[in-house]
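Peer 1: Provided below are the primary sequence and the corresponding predicted coordinates.
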Amino acid sequence: MAAETGTPTTLTLKSNDDELFSVAESAAILSVTIRNMVEDGCAGGVIPLDNVDGKTLASVITYMNGISAIPADEEKKKSYRDKFLSDKDFETLADMVLAANYLNMSCLMDAVSAKIAQVMEKKSVGWVRRKFGIENDYTPEEEAAVKEEHKWTFEGVETDDDN
Amino acid sequence: MKAERIESNDDLLTELLLLLPPKSVFRFMSVSKRWNNIIKNPYFLKNYTIKRRRRGVHMLAFIQRTFIRCKKQIQVVPICVNISDNIKGMIGRFGRFFNPSGGLILCSSGPTTYTVFNPATARWAPLPPASPRNEEFYSSLDGFSCVGNTDELTPNYTVVRVCHRVENTIIIETFSSTTGEWALSTLTAARTVERLYTPPVVAGGVFHWLVTDRSVAVYDRDGGNHLRLIQLPIIPDFFTYIIIARSPQDNMLWFGT
């Protein structure tokens, strides 16, 4: 491995839409899923990542490279993460949280989840249903009752248009 | 849509919900039955409370933990996330915390002093002094029911205090926001009323206390001065507390051990 041989090892990752990406092993093993494959010796050829598309994988690799270039300084890592996520829209964040979950990257997972929560915080129930593709399975009476129960939580909610 | 995959993954969805402030969590109970079930699951609520405590942010407790003869003060925890120190101080002054209802909290700082507090607007209204009563009847037996609360302190609410219990009667004092006054009344049951020992659970404006003989004492203000006693079913192997709770979905009273 990289540390033993002294030469940086490069891994090739393949997205589910067949895009290939080269990434330094030292950065890629931020993903526990990839690290396990490397440790099990399954990383010789191309590593297929069946649950991640090319666009998301490119983004994740940018993150892997960026964060692994920062020395052990939590403050700096945090500000890198904040900056990295600052321009991502909800759909991209949703892709990333799924990718981070699949790749078992806890630091990215936590940061993206927190960002999604921050986006959702002031959103309406209608927004959440639309964005998550949820069918409202309440009857009108049931829904009215649940809303009545938590009436105070509907104050100060953003109006129901997107974003 | 990718977000659907988050939504259909219980673990991911739970993780997300755990990160939201209380106001959003409660609001999102209306999203769907699945979200409602995830949120009202006791394990979720427990994790949520632990998580928020770790962050130094408190949430409103769901269940009042003071029982009779327990004089320990309960910390009143505000529903608002970014609550100012000013409000915290105010809550401290109001004293102990009782059954929240309809977004309002009834607090008591002395044997006869009550304040109704709205944590969302940080407004409060002191109630006129209640009558002195026997020490046996701690304020933890007091009930509070609020209906039709909006964001103002002008909702329709009722406070019920248990003042005396003898044989098949209990004497209660009731405050109604409509009259603005306390009034004493005697409730009569069909048989001897044993000691009440939990704060009343209010469902549909009806007050329910647990009684030491494994029954529930039911007082419906619209049903006259009658105290109904319902014997609880025996559950095999029960060895812990009996609890009663109200289901927010259908306003039914639930009981378990």
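Peer 2: Yep, it's here. Numbering: from 1, shown residues only, chains lettered A, B, ... in the order given.

Peer 1: what does chain A put close to chain B?
Peer 2: Neighbours of chain B within chain A, by C-beta under 8 Å from any C-beta of the partner chain: A:90-91, A:94-95, A:97-98, A:101, A:113-114, A:116-117, A:120-123, A:125, A:128-129, A:131-138, A:142-143, A:145-147, A:149-155, A:157. For glycine as for every other residue, the C-beta is placed from the backbone atoms N, C-alpha and C.

Peer 1: just those: which are in helices?
Peer 2: By the criterion of DSSP state H, membership of the residues of chain A next to chain B in helices covers A:90-91, A:94-95, A:97-98, A:101, A:113-114, A:116-117, A:120, A:125, A:128-129, A:131-132, A:142-143, A:145-147, A:149.

Peer 1: buried ones from the residues you listed, can you make that a PyMOL selection?
Peer 2: Filtering those down to the buried ones (16 or more other C-beta atoms under 10 Å in any protein chain shown) takes a single PyMOL command:
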select buried, chain A and resi 90+94+95+97+98+101+113+116+117+120+125+128+129+131+132+142+143+145+146+147+149
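
Peer 1: would you mark the buried spots in stretch B:8-22?
Peer 2: B:12, B:13, B:14, B:15, B:16, B:17, B:18, B:19, B:20, B:21, B:22.

Peer 1: can I assume the third one is in contact with residue B:44?
Peer 2: Yes: with contact defined as C-beta atoms under 8 Å, residue B:14 counts as touching residue B:44 (6.4 Å).

Peer 1: who does the nearest residue to residue B:175 once chain neighbours are set aside bridge with?
Peer 2: Take residue B:175 and drop its neighbours on the chain: the residue closest to it by C-beta to C-beta, 6 or more residues apart in numbering or on different chains is residue B:159, 4.2 Å away. With DSSP bridges as the criterion, residue B:159 is bridged to residue B:144, residue B:175.

Peer 1: got the contact list for residue B:159?
Peer 2: B:106, B:114, B:127, B:142, B:143, B:144, B:174, B:175 (C-beta atoms under 8 Å, 6 or more residues apart in numbering or on different chains).

Peer 1: how much space between it and residue B:211?
Peer 2: Using C-beta to C-beta, to the nearest Å, we find residue B:159 at a distance of 21 Å from residue B:211.

Peer 1: cool, residue A:127 as well?
Peer 2: 46 Å.

Peer 1: mind giving me the domain ranges of the chain?
Peer 2: All of this refers to chain A. A:2-120, A:125-154 (automatic domain parsing).

Peer 1: try chain B instead
Peer 2: B:1-59, B:60-256.

Peer 1: need the longest helix for chain B.
Peer 2: helix B:42-54.

Peer 1: what about residue B:210, how many residues close to it?
Peer 2: 23 (other C-beta atoms under 10 Å in any protein chain shown).

Peer 1: and the residue lying closest to it once chain neighbours are set aside, its phi and psi?
Peer 2: Counting by C-beta to C-beta, 6+ apart, residue B:198 is the residue found nearest to residue B:210 once chain neighbours are left out, at 4.3 Å. Main-chain torsions, residue B:198, degrees, to the nearest 10: phi -130, psi 160.

Peer 1: can you count the residues close to residue B:198?
Peer 2: Neighbourhood size, residue B:198 [other C-beta under 10 Å]: 21.

Peer 1: same thing with residue B:4?
Peer 2: 13.

Peer 1: three-state assignment of residue B:229?
Peer 2: strand (DSSP: H, G, I helix; E, B strand; the rest coil).

Peer 1: how about the contacts made by it?
Peer 2: So residue B:229 contacts B:189, B:190, B:191, B:193, B:211, B:215, B:216, B:217, B:218 (C-beta under 8 Å, 6+ apart).

Peer 1: cool, residue B:183 as well?
Peer 2: B:173, B:174, B:175, B:176.

Peer 1: make sure it is indeed in a helix.
Peer 2: No: read with three-state DSSP, residue B:183 is strand and lies in no helix.

Peer 1: please give the element, helix or strand, for residue B:129.
Peer 2: Of the helices and strands defined by DSSP states H and E, none includes residue B:129.

Peer 1: so it sits right up against residue B:115, yeah?
Peer 2: No: the criterion here is C-beta under 8 Å, and residue B:129 misses it with residue B:115 at 11.6 Å.

Peer 1: of those two, which one has the most company?
Peer 2: residue B:115 (18 against 12).

Peer 1: beta partners of that one?
Peer 2: Bridge pairing for residue B:115 - DSSP bridges - gives residue B:107, residue B:126.

Peer 1: ok, now how distant is it from residue A:41?
Peer 2: 69 Å.
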